[in-house]
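**Q** coordinates only, sequence not included:
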């Protein structure tokens, strides 16, 4: 087993499998987060200047456009995971992410190649979105199916930890680059460094994934009817549940961890370096609490933690944004972001297992990925863009809180009505 029972060590090959799956997920989320955190530099490199915030809005729109490819990635790569096995699908996702990330670091600027620059950026981001859309369902299914009895929540919670770790590494990398490099160097070439490094590390993750074995649960699972009517009957209800469940998760992640560094710089007066260090503390809270929540959800169930996260965010998001806007210094902003990270952890520790436990083995990789990716595409990917647009349209810096409240309320209703999955045997 990937996560051994107490007192027993995992075999080296299984340890490599765990590292291989998790490392690529760290890189997946590092690549996505670094784009948002370096959006200001990307807007200057790939879009014409002199039109107010249009270049930044265009850059954030490209961030959202990549999410359009996520459902397709979930359908194709997730389908590969259900039809041919988890391993080949994991290899394909890793290769696509490594290539697309490296490409962003190499695209010439708008000044050099004109309109081709933003078009190439869109193409690379769409490839990243395609890869990430399949990665979630495949990796989550792999972790669930290799977990020991009674530890599925703990095992899959490591997937959520990679999201936080990748985002945290992106924040730390951005803070270090901004702090160490002159502004001119950062604008001309410094922003490229994280993308090039991410591409190289993606090749390492691909090499590690070549050594993993197929999951025993998948190998034992019998084929299921492939007729569209039969598939729809099996997956319709769990897909709707996952879609509603994901809204809170994805909106909170992209508002609190991607948009908030922009918000803290503009509204709280933090420097770019301070904003990214505060963001790193938010991801630290997720890293600390997610495995604990995952472990406890194996005992008491997934729903109590999902409900608690929704309720806390509904109560805290508006006063938290108000407090950040009036803080004016690093420490109170960092403390508030740590608190918001804890709210995300309550959800992220329990949600990965709940998402894939709703599906049968031969449907698990594809349809959990598609449902999750659809919600992420509709509500999460454009969240930073929507936040900037709402702020400008309403001329109110706290306007993004309304978007978070809408998503959290919808997910709360969904979770309240969903079945408890923690103690169900895998079908």
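**A** Received it, and whenever you're ready, just let me know what you need. Bear in mind that the values here come from a model prediction, so they are computed numbers and not experimental data.

**Q** Give me the below-cutoff pLDDT ranges for the protein.
**A** Residues of the chain that meet the criterion pLDDT under 70 lie in 1-16, 50-53.

**Q** Neighbours of residue 356, how many?
**A** Residues lying near residue 356 (other CB atoms under 10 Å) number 32. C-beta coordinates here come from the backbone N, C-alpha and C atoms, glycine included.

**Q** Same question for residue 116.
**A** So residue 116, with other CB under 10 Å, has 13 neighbours.

**Q** Then the one 10 residues further on?
**A** Other residues within reach of residue 126 by the criterion other CB under 10 Å amount to 20.

**Q** what ranges do the helices span in the stretch 201-350 of the chain?
**A** Applying DSSP state H, counting those that start in this stretch to the stretch 201-350 of the chain gives helices spanning 216-220, 228-254, 260-267, 272-300, 303-327, 330-348.

**Q** what's the closest of those helices to residue 102?
**A** Closest approach to residue 102 among the helices of the stretch 201-350 of the chain is made by helix 272-300 (22.7 Å; CB to CB).

**Q** What segments of the chain are strands?
**A** Using DSSP state E, no strands are found in the chain.

**Q** Reformat the helices of the stretch 201-350 of the chain as JSON lines; add mean neighbour count and distance to residue 176.
**A** What follows is the helices of the stretch 201-350 of the chain, written out as JSON lines (neighbours: other CB atoms under 10 Å; distance: least, CB to CB, whole Å):
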{"stretch": "helix 216-220", "mean neighbour count": "14", "distance to residue 176": "41"}
{"stretch": "helix 228-254", "mean neighbour count": "20", "distance to residue 176": "23"}
{"stretch": "helix 260-267", "mean neighbour count": "22", "distance to residue 176": "14"}
{"stretch": "helix 272-300", "mean neighbour count": "22", "distance to residue 176": "8"}
{"stretch": "helix 303-327", "mean neighbour count": "19", "distance to residue 176": "23"}
{"stretch": "helix 330-348", "mean neighbour count": "23", "distance to residue 176": "16"}
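
**Q** quick one, which of those helices is nearest to residue 71?
**A** Nearest of those (CB to CB): helix 228-254, 10.7 Å.

**Q** sorry, back to before: of all the helices of the stretch 201-350 of the chain, which one comes closest to residue 22?
**A** Using CB to CB, the helices of the stretch 201-350 of the chain put helix 272-300 closest to residue 22, at 12.2 Å.

**Q** Output the contacting helices and strands for the closest one.
**A** Contact here means 3 or more CB pairs under 8 Å, 6 or more residues apart in numbering; DSSP states H and E; on that basis helix 272-300 packs against helix 152-180, helix 260-267, helix 303-327, helix 330-348, helix 351-357.

**Q** For residue 425, the count of nearby residues, please.
**A** Other residues lying near residue 425 total 6 when counted by other CB under 10 Å.

**Q** And residue 210, by the same measure?
**A** Count around residue 210 with other CB under 10 Å applied: 12.

**Q** Correct me if wrong: it contacts residue 91.
**A** Yes. At 6.7 Å, residue 210 counts as touching residue 91 under the criterion of CB atoms under 8 Å.

**Q** follow-up on the earlier one: now the helices of the stretch 201-350 of the chain in a markdown table, with distance to residue 64?
**A** As requested, the helices of the stretch 201-350 of the chain are exported to a markdown table (distance: least, CB to CB, whole Å):
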| stretch | distance to residue 64 |
| --- | --- |
| helix 216-220 | 33 |
| helix 228-254 | 9 |
| helix 260-267 | 15 |
| helix 272-300 | 20 |
| helix 303-327 | 21 |
| helix 330-348 | 20 |
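
**Q** looking at these, which is closest to residue 124?
**A** Using CB to CB, the nearest of the helices of the stretch 201-350 of the chain to residue 124 is helix 228-254, at 19.3 Å.

**Q** tell me what that closest one is packed against?
**A** Counting contacts by 3+ CB pairs under 8 Å, 6+ apart, helix 228-254 is packed against helix 303-327, helix 330-348, helix 351-357, helix 361-375, helix 383-394, helix 400-417.

**Q** one step back: out of the helices of the stretch 201-350 of the chain, which is closest to residue 371?
**A** helix 228-254 (3.8 Å).

**Q** Was I right to think residue 416 contacts residue 307?
**A** Yes. The criterion here is CB under 8 Å, and residue 416 meets it with residue 307 at 6.8 Å.

**Q** Show the contacting residues for residue 129.
**A** Counting by CB atoms under 8 Å, 6 or more residues apart in numbering, residue 129 touches 65, 66, 67, 68, 69, 70, 73, 381.

**Q** Check residue 333 too.
**A** For residue 333, the contact set (CB under 8 Å, 6+ apart) comprises 264, 268, 270, 274, 278, 324, 327.

**Q** let's see 10 Å
**A** By CB atoms under 10 Å, 6 or more residues apart in numbering, the contact list for residue 333 reads 260, 263-264, 267-270, 274-275, 277-279, 281-282, 323-325, 327.

**Q** Can you check which of the helices and strands packed on helix 272-300 gets nearest to residue 83?
**A** Nearest of those (CB to CB): helix 351-357, 16.7 Å.

**Q** What helices and strands are in contact with that closest one?
**A** Counting contacts by 3 or more CB pairs under 10 Å, 6 or more residues apart in numbering; DSSP states H and E, helix 351-357 is packed against helix 116-145, helix 152-180, helix 228-254, helix 272-300, helix 303-327, helix 361-375, helix 400-417.

**Q** any chance of the ones you listed in a markdown table, plus distance to residue 83?
**A** Output for the helices and strands packed on helix 351-357, formatted as a markdown table (distance: least, CB to CB, whole Å):
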| stretch | distance to residue 83 |
| --- | --- |
| helix 116-145 | 12 |
| helix 152-180 | 22 |
| helix 228-254 | 12 |
| helix 272-300 | 29 |
| helix 303-327 | 30 |
| helix 361-375 | 8 |
| helix 400-417 | 29 |
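
**Q** With respect to residue 30, which of the ones you listed lies nearest?
**A** That would be helix 152-180 among these, by CB to CB, at 3.9 Å.

**Q** mind listing what's buried in that closest one?
**A** 152-171, 173-175, 177-178 (16 or more other CB atoms under 10 Å).

**Q** Show me whatever sits in contact with both of residue 210 and residue 91.
**A** Here residue 210 and residue 91 have residue 20 as joint contacts, going by CB under 10 Å, 6+ apart.
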